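A.B. asks: Prediction below, plus the sequence it came from.
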Amino acid sequence: MVELAVVCMIICIIAAIAVIQLLPSWHTAQSDDALRLVLDQLRQAREYSIANRRYVQVSFPTVGGQAEVVITQWNTLTPGGGATNPVLSTTYVEGPLQYALVTGMPDTPDQFNTPSVGSSPVQFKIEGTSTVPVGNMLFQSDGELIDSVTNLPIDGTISIALAGNASSARAVTVMGATGRVHGWRSTGASWIQF
């Protein structure tokens, strides 16, 4: 009985050590999955817009503590124009990851998260300025990401992280004039392209 108890205790200790060692890898995998999800959704919205010659809105709400990516086809730009704008997809960022900035992390090399605009995990600005767009973010049929009110190209950064965990930080940047999307992975102090 004593030998069996000792063996069970050793197994429990080894299992605890394994869990502690695997936790950082688990967080890295979750963060990478969230980054891929946001990247894929933005790329799909852009490609759908080009292929179908439609405006496609992208939005990044947090509903009930759950981060989402919502893609909506715009059939009319005129409010009350009679056409419906169907939601093409709503995708959820899994796990404890949220749209969040990590204190101490610098801006990505694309430099779209300008401090003069404010500190927000989902931040877009009219290209070449520090002016926040006044309308919705739309991909248009040439692949450009524009502000729905001014029709000017907008650049932006979407930041994803576990609260307070710099190594879990991920960012997606969008260059408005081309609609190109880049993913960034945190090293804990800087960014490398994903």
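C.D. replies: Ah, there it is.

A.B. asks: Which residue ranges of this structure form helices?
C.D. replies: 2-52 (DSSP state H).

A.B. asks: Can you report how many residues lie near the residue lying closest to residue 169 once chain neighbours are set aside?
C.D. replies: Nearest residue to residue 169, sequence neighbours excluded (Cβ to Cβ, 6 or more residues apart in numbering): residue 186, at 3.7 Å. Where C-beta positions appear, they are placed from N, C-alpha and C, glycine not excepted. Residues near residue 186, counting by other Cβ atoms under 10 Å, number 23.

A.B. asks: Please look at residue 186 and residue 165 and confirm they touch.
C.D. replies: No: assessed by Cβ atoms under 8 Å, residue 186 is found out of contact with residue 165, at 9.1 Å.

A.B. asks: List the beta-bridge partners for residue 155.
C.D. replies: residue 125 (DSSP bridges).

A.B. asks: Could you check how far it is from residue 186?
C.D. replies: Distance of residue 155 to residue 186, given as Cβ to Cβ, to the nearest Å: 20 Å.

A.B. asks: Over to residue 194?
C.D. replies: Taken as Cβ to Cβ, the span from residue 194 to residue 186 is 10 Å.
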